[in-house]
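1. Build me a model from this:
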Amino acid sequence: MSTNTATLQSGAKMPLNGFGTWKASVEETEQAVTAALRAGYRHIDCAAVYWNEAAVGTAISKAISGGVVKREDLFITSKVWNTCHATDKVVDSCRQSLKDHQVDYFDLFLVRDIGVSNYSVALLVDTLNYARIKPSVNQCEAHVYFARP
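-> All right, here's what the predicted structure looks like:
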């Protein structure tokens, strides 16, 4: 597994290749994340709206307790869903996701104006021109079944 990283504004090093859990059923998520961690993935991408964060957390917890990986070697990303952007909802969403993941912190928690997801070049340029707080990350889905223009 590639160990290429990008250094974020905070100084954190984010692995450039991550294992995404979108569209993974609850039934297959734990097994898939376990296999990904054993294969060398250290960046795990999740979101509450994927409805599988508890299964991701179980896989992570078992991998840590089984000596497959240390928490500090993982880069865990989660996201706030669009209906939870009010301050009190962001906090509650984050707390629930942390509980589901069975971790004390996220390495990246995407919320509007902090990180963006799947922005086109034009939209990202527009955001960078007007945002008071610049996004640190534009997380983009990339795989053989998803071509971008």
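2. mind checking which helix or strand A59 is in?
-> Using DSSP states H and E, A59 maps to helix 53-65.
3. Pull out the buried positions in that helix.
-> The neighbour-count check on helix 53-65 (16 or more other C-beta atoms under 10 Å) flags E53, A54, A55, V56, G57, T58, A59, I60, A63, I64 as buried. From N, CA and C alone the C-beta is placed, and that goes for glycine too.
4. how much space between R71 and T58?
-> Distance from R71 to T58, counting by C-beta to C-beta, to the nearest Å: 15 Å.
5. Next, name the residue at the spatial heart of this protein.
-> Centroid-nearest residue in the chain: T77, 2.2 Å away (criterion: C-alpha atoms, centre = their mean).
6. Secondary structure class of that residue, three-state.
-> Of the three states, T77 takes strand under DSSP: H, G, I helix; E, B strand; the rest coil.
7. what's near enough to touch it?
-> Neighbour list for T77: G18, H43, I44, D45, C46, F106, D107, L108, F109, L110, Q139 [criterion: C-beta atoms under 8 Å, 6 or more residues apart in numbering].
8. residues in contact with stretch 29-43?
-> Stretch 29-43 has contacts (C-beta under 8 Å, 6+ apart) with 1, 14-19, 21, 24, 44, 52, 55-56, 58-60, 62-63, 68-69, 73-77.
9. again, but for stretch 138-149
-> Outside stretch 138-149, the residues that touch it by C-beta under 8 Å, 6+ apart are G20, W22, D45, T77, L110, G115, V116, S117, N118, Y119, L124.
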